[in-house]
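Participant: My questions concern the predicted model and sequence given below.
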Amino acid sequence: EVQLVESGGGSVQAGGSLRLSCAASGFTFDDYAIGWFRQAPGKGQEEISCIGSRDGSTGYETSVKGRFTISINNAKDTVYLQMNGLKPEDTAVYYCAAASGSDHLCRGAMDDYGNWGQGTQVTVSS
């Protein structure tokens, strides 16, 4: 069964850090595009970062650039999102999504990836 499993969410104060993980189960990230999305209460999904598993190319949404870092450990089939300098507006449920074809990054919508996890809650207090 193909699954993505996110972990690492939690509650932190503004300025704190968290590292989210997205582990593949039932498949490997051999030629995949992986995206991190978030959805805040009452808002739509927002793709905030993406990475290609073959060459590690990355992309970031403007609001997280310079604060968040996406990376991949191909040996563990796990993608990470290191989040530093967290702000209350980063509060959301965070999801990872994956699709074959690592040359097509930052697809914009979870439906365009086709596979996504259950999400992990990130809460940042002021």
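Facilitator: Perfect, thanks for sending it.
Participant: Figure out the helix or strand that the residue nearest the centre of the chain lives in.
Facilitator: Nearest to the mean C-alpha position of the chain, counting by Cα atoms, centre = their mean, stands residue 36 at 2.4 Å. Using DSSP states H and E, residue 36 sits in strand 32-39.
Participant: Does residue 20 touch residue 94 like I think?
Facilitator: Yes. Residue 20 lies in contact with residue 94 (Cβ atoms under 8 Å); the separation is 5.7 Å. The C-beta positions use only the backbone N, C-alpha and C, and glycine is treated the same way.
Participant: okay, and the common contacts of the two?
Facilitator: Shared contacts of residue 20 and residue 94, defined by Cβ atoms under 8 Å, 6 or more residues apart in numbering, are found at 6, 9, 36, 81, 120, 122.
Participant: Please look at the third one and residue 47 and confirm they touch.
Facilitator: In this case it means residue 36. Yes. Proximity of residue 36 to residue 47 meets the contact threshold set by Cβ under 8 Å, at 7.3 Å.
Participant: quick one, what contacts residue 85?
Facilitator: 15, 17, 67.
Participant: okay, now the second one: neighbour count?
Facilitator: Applying other Cβ atoms under 10 Å, we find 11 other residues in the vicinity of residue 17.
Participant: Many thanks, I have nothing further to ask.
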